[in-house]
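Q: take this sequence and fold it.
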Amino acid sequence: MEAGRVADALPREELPPRVLRSELLLVLALSLGASALSSLISFVGALTRPGGLGEQAAKLNGSAAPGRPWLDLAWQLFGITTALVPVALVAHLLLREGAGGLRSMGFDRTRPWPDLGRGTLIAAGIGSAGLAFYLAAQATGFNLTVVPESLPEVWWKFPVLILSAIQNSVVEEVIVVGYLLRRLDQLGWTPMASLAASSVLRGSYHLYQGIGGFIGNMVMGVVFVLLYRRWGRVGPLVVAHALLDIVAFIGYALLAGKVGWLPTA
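A: Numbering: from 1, shown residues only. Below you'll find the predicted structure:
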């Protein structure tokens with residue numbers, strides 16, 4: 001596994017387990033842990049609502065101010081920017097620890113082309129299998145109909161969708177792979193236990209999509225953890241995740257209502 005460069009200006013600290021556990025819980029409570037709880041509540045609501053899961057919709061990237069495009073754009077950019085704050089917090093914590101910040105998990109510009117190439121291959125493999133699994137889960141009633149975008153037809157629609165996809169990928173891969181695995185390793189968790197924790201967490205904050213969303217993303221989480229353990233870099237995972245979301249968001253915007261195989265709300 002490739003080691004990140006260590007920040008020379010800061011001494012390396014050995015943080016006690018109690019501090020590591022508290023820090024980890026706080027970071028998750030401010031980010032994907034809170035999303036997992038919110039997703040669980042949403043899933044319970046969908047289960048207890050009249051009608052099957054397949055008859056309901058999970059909507060992403062909707063308008064924040066219908067009929068007011070400039071205000072809507074401001075809210076979209078505000079949401080994307082503030083969602084990245086936990087990543088900045090993780091970078092700060094790792095720098096203070098003396099671990100070299102996000103470079104310690106391979107999120108830097110030292111290997112752009114290998115990261116891009118590997119990420120593209122991962123996205124191609126997971127994307128095709130993931131789409132087939134989603135269509136099957138939705139058709140059999142295990143998943144809600146996912147509506148990746150419902151933005152108005154304005155000039156900033158596609159740039160915002162791309163920025164949203166990049167934000168999702170950075171937050172998830174930095175926190176649920178790079179940071180989480182580092183802290184669990186420091187706490188003495190076995191590699192198998194860390195893999196399970198990371199993949200279950202990833203599946204949990206996708207529960208709002210239904211059982212299919214949980215299972216599909218948990219399997220994706222297993223693959224991503226194994227690749228991270230092999231390469232020591234989240235860079236390819238960020239590229240892969242961003243490409244998957246960009247294709248999903250923009251593909252839905254272009255194809256919804258025009259092809260019969262794509263479920264729409």
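Q: hey, where'd the strands end up in the stretch 51-200 of the chain?
A: Ranges of strands within the stretch 51-200 of the chain are 57-59, 145-147, based on DSSP state E, counting those that start in this stretch.
Q: out of the ones you listed, which is the most enclosed?
A: Counting by mean count of other C-beta atoms under 10 Å, strand 145-147 has the highest mean neighbour count of these, with a mean of 19. For glycine as for every other residue, the C-beta is placed from the backbone atoms N, C-alpha and C.
Q: give me the contacts around stretch 231-246.
A: For stretch 231-246, contacts defined as C-beta atoms under 8 Å, 6 or more residues apart in numbering pick out 1-4, 105-108, 111-112, 114-116, 118-120, 122-123, 126-127, 130, 161-162, 164-166, 168-170, 172-174, 177-178, 224, 227-228.
Q: which of the residues you listed count as buried?
A: Those of these that meet the buried threshold are 4, 105-108, 111, 115, 118-119, 122-123, 126-127, 130, 161, 164-166, 168-170, 172-174, 177-178, 224, 227-228, by 16 or more other C-beta atoms under 10 Å.
Q: in helices, which of the residues you listed appear?
A: When the buried ones among the contacts of stretch 231-246 are checked against helices (DSSP state H), the matches are 115, 118-119, 122-123, 126-127, 130, 161, 164-166, 168-170, 172-173, 224, 227-228.
Q: apart from its neighbours in sequence, what residue is nearest the spatially most central residue of the chain?
A: The residue lying closest to the centre of the chain (C-alpha atoms, centre = their mean) is E172, at 3.5 Å. Nearest residue to E172, sequence neighbours excluded (C-beta to C-beta, 6 or more residues apart in numbering): H241, at 6.3 Å.
Q: how far off centre is the strand or helix carrying that neighbour?
A: Per DSSP states H and E: H241 is located in helix 235-255. Centre-to-centre, helix 235-255 and its host chain are 11 Å apart (C-alpha atoms, centre = their mean, to the nearest Å).
Q: now the strands of the stretch 51-200 of the chain as CSV including mean pLDDT?
A: Converted to CSV, the strands of the stretch 51-200 of the chain look like this (pLDDT from 0 to 100):
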stretch, mean pLDDT
strand 57-59, 96
strand 145-147, 97
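Q: did I read that right, P50 in a helix?
A: No - with DSSP: H, G, I helix; E, B strand; the rest coil as the criterion, P50 is coil rather than part of a helix.
Q: all good on my end, thank you.
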